[in-house]
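Participant: Starting from these lines, generate the structure:
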Amino acid sequence: MTRRGLLMACLAGGASRLLAGCQPTPSPASSEVPRRDVTAYLIAEGWHTDIALPVGAITGSSRSLTRDFPNAEYLRFGWGQRAYYMARQPTPGETLRALFPGPAVLLVTPLDRPPAASPGSTRVFEIGLATAGFERLADYVWAAFARSVDGTPRRLADGPNPGSVFYAASGTYSAAYTCNTWTAEGLRVGGIPVNPSGVVFADQVTDQLQALFGTPR
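Facilitator: Coordinates of the predicted model:
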C-alpha cells in the first residue's frame, strides 16, 4: 500500500480509543477451523483491516463486479467511513466526524498476486475456507455495495492506488461499528470461528486469527 495506508485507517488513532474505549479481545466462538477449499486473506494495516478474495473463485451475482477489474487475480475490499476514507489528506474535522455514525464506502483494489506482508505495519493472514463458506463470504461482500437503479454497484471515484475504485456502501460506519467489525462479521459468515461481538479495533480481529491460524506472514 502507499503512504495513504495509515490515513485510510478506519479509526483516528488515540482519539478513537478515547471515545470508543479499549475493549478486550473477544474470545472465538469455537476453535473449529473449516477445511481449506479456497484461500481468502485478511489484511491488517495499522488500525485497518481488509478482506481479499481470489477472482477465480468468485461466482454468482458478485461475479459481475469482476468486470470492472478485468486483469485482477485478487480483489481487496476495504469498508470504511466515506468522507475520511476518501479524503486525500483528512482534515481534523473529517477525522473527528469519522467517530460518529455516517455513510460508508467500499474501496476495491485489484491485485495481480496474493496479498503479501510489508516490512511496515501490514500483516496478512491466509484464511482457508470451505467452498460454501467462501461463497457466503463473497455474497456478504457483494451485499455491502450500494446499487444504482440498474442494480450495478454505484461508483464514486477512483481510489488511491492504480486501478482501485471507491464505491458507495450500505451500512453505517461509527466508532462502535468500524471496518474491523465489518471484516470480523464477514469472516464469521464465511465459517471462520471468530467472535465479532465488541470488535472495534484491528487487533481484536488479528488476535483471534492468530489463535486459530498462528502468526501471520
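Participant: Would you quantify the distance from Tyr140 to Pro196?
Facilitator: 12 Å (Cβ to Cβ, to the nearest Å). Where you see a C-beta, it was placed from the backbone N, CA and C, and this is true even at glycine.
Participant: Could you do Thr122 as well?
Facilitator: With Cβ to Cβ as the criterion, Thr122 and Pro196 are 22 Å apart.
Participant: ok, now Tyr74?
Facilitator: Tyr74 is 23 Å from Pro196, by Cβ to Cβ.
Participant: do the same with Asn161
Facilitator: Taken as Cβ to Cβ, the span from Asn161 to Pro196 is 27 Å.
Participant: same deal with Ala130?
Facilitator: Remark: distance between Ala130 and Pro196 (Cβ to Cβ) = 19 Å.
Participant: For these two, work out which one has more neighbours and name it.
Facilitator: Pro196 (21 against 16; other Cβ atoms under 10 Å).
Participant: hang on, that one packs against Ala184?
Facilitator: Yes. Between Pro196 and Ala184 a contact is recorded at 3.8 Å, counting by Cβ atoms under 8 Å.
Participant: Contact partners for the residue nearest the centre of the chain?
Facilitator: Geometric centre of the chain, nearest residue: Asp50, 2.8 Å, by Cα atoms, centre = their mean. For Asp50, the contacting residues are Leu42, Ile43, Arg76, Phe77, Gly78, Cys179, Thr183, by Cβ atoms under 8 Å, 6 or more residues apart in numbering.
Participant: which parts of stretch 199-208 are buried?
Facilitator: Within stretch 199-208, the residues that count as buried by 16 or more other Cβ atoms under 10 Å are Val199, Val200, Phe201, Ala202, Gln204, Val205, Thr206, Asp207, Gln208.
Participant: if I read this right, the fifth one contacts Thr183, doesn't it?
Facilitator: Right, the one you point to is Gln204. No. If you go by Cβ under 8 Å, Gln204 and Thr183 don't touch, sitting 10.4 Å apart.
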